[in-house]
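A.B. asks: generate a structure from the sequence data that follows.
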Amino acid sequence: MRGGGGPDIEPRPEWLEEAECFRCRLSGREIYRLPPFAVVRCPRCDQVFVSPRLNQAGRLALYGDPAYFDDGVYGTPQASFLQRRWAGGRLTLIEQAADGSLGRDLFEIGCAYGLFLAAARRRGFTVGGLEFSPMAARTASQWLGCPIEVGEIERMERSVEADVVAFWDVIEHVPDPAEFLGAVGGILRSGGLIALSCPSFDSVPARLLGSRWWTLKPHKHIWHFTTAGILRLLREQGLEPVEVARSPLRSANLSRLDSLVVVARKPA
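C.D. replies: From the prediction side, this is the model:
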């Protein structure tokens, strides 16, 4: 699981790039100015994104720092407890959606240190993973005792097939969500499931707090989705949503007031 909460980095000028809407290829209109970043909205489709944003070198500097993980999802007993609860709840959602009709090959993108993969393996899945941070991939590989790929799914060289592809708090980080989901669909078997979580731009905290919303994090979260927006994107990529969990009382989303979990199916 990603969703790291490590310290902010001081972005160098050479780490910044302008961005455009992945769908419409248009520049956005500013909503919030958070120097040196800005949160903007596409004038055609209303997709919210960050521009300027960190480029590839800046993202490697951010996610390659051990503090990104050690000060975040693995940093406190409370954080680790929540990660375990989320893992169990999300695996239950996946198994309920699969309804015994799918195989048990599960691949996680953005697997961090491998906590979700370990939980999935205990539930009987055969697991594999991909992680952008070389440091985190090494840690996960050593702990799990299986290879963890390093890099991005859009450029992964090894051929992979899976019945389930999971990516928790990842899609808001990737350079192009449509390209990302296209690559995910390419490794997902017919009838297979994707499972994701992401911040919700139409949540109560996001709407009430505006530019003070704690989950804006413009150096990390470069795309922001409403519930309708993420479902639209999935359908545009040929994936049919089958479950959406928004309540902070559900174990798959426990305590998260501004997040949603979605399971979607690739048509047979």
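
A.B. asks: just give me the neighbour total for residue 245.
C.D. replies: For residue 245, the neighbour count with other C-beta atoms under 10 Å is 20. Yep, even glycine has a C-beta here, placed from its N, CA and C like the rest.

A.B. asks: so residue 224 versus residue 162, what's the distance?
C.D. replies: Plainly put, residue 224 is 27 Å away from residue 162 if you go by C-beta to C-beta, to the nearest Å.

A.B. asks: repeat for residue 129
C.D. replies: From residue 129 across to residue 162, the span is 10 Å (C-beta to C-beta).

A.B. asks: with residue 214 instead?
C.D. replies: From residue 214 to residue 162 the distance is 33 Å (C-beta to C-beta).

A.B. asks: again, but for residue 182
C.D. replies: 15 Å.

A.B. asks: so those two - more neighbours on which side?
C.D. replies: Ranked by neighbour count (other C-beta under 10 Å), residue 182 and residue 162 place residue 162 first, with 24 against 15.

A.B. asks: and that one, bridged to which residues?
C.D. replies: residue 188 (DSSP bridges).

A.B. asks: distance of it from residue 211?
C.D. replies: 38 Å.

A.B. asks: and stretch 81-91, what's buried?
C.D. replies: By neighbour count on 16 or more other C-beta atoms under 10 Å, the buried set for stretch 81-91 is 82-83, 85-91.

A.B. asks: what does that stretch contact?
C.D. replies: 1, 73-74, 115-116, 119-120, 123, 166, 168, 195, 197, 245, 250-255, 261 (C-beta atoms under 8 Å, 6 or more residues apart in numbering).

A.B. asks: recalculate using a threshold of 7 Å.
C.D. replies: Residues from elsewhere that reach stretch 81-91 (C-beta atoms under 7 Å, 6 or more residues apart in numbering): 1, 73, 115-116, 119-120, 123, 195, 250-252, 254-255, 261.

A.B. asks: which one among the residues you listed sits at the bottom for pLDDT?
C.D. replies: Minimum pLDDT for those is recorded at residue 1 (49).

A.B. asks: ok, now which ones touch residue 231?
C.D. replies: Here residue 231 is in contact with residue 241 (C-beta under 7 Å, 6+ apart).

A.B. asks: any idea which helix or strand comes after the helix or strand where it lies?
C.D. replies: Using DSSP states H and E, residue 231 falls within helix 227-236. For helix 227-236, the succeeding helix or strand toward the C-terminus, using DSSP H and E, is strand 240-245.

A.B. asks: ranges for the helices of the stretch 51-200 of the chain?
C.D. replies: 56-63, 67-70, 77-98, 115-122, 134-144, 177-187 (DSSP state H, counting those that start in this stretch).

A.B. asks: ranking those helices by burial, who's on top?
C.D. replies: helix 115-122 (a mean of 21; mean count of other C-beta atoms under 10 Å).

A.B. asks: from the contact counts, what lies against that helix?
C.D. replies: helix 77-98, strand 105-109, strand 126-131 (3 or more C-beta pairs under 7 Å, 6 or more residues apart in numbering; DSSP states H and E).

A.B. asks: list the helices and strands the last one packs on?
C.D. replies: Contact partners of strand 126-131 among helices and strands, from 3+ C-beta pairs under 7 Å, 6+ apart: strand 105-109, helix 115-122, helix 134-144, strand 148-150.

A.B. asks: against residue 256, how distant is the closest residue to residue 250 other than its chain neighbours?
C.D. replies: In space, and not counting its chain neighbours, residue 250 is closest to residue 89: 6.3 Å by C-beta to C-beta, 6 or more residues apart in numbering. For residue 89, the distance to residue 256 equals 11 Å [C-beta to C-beta].
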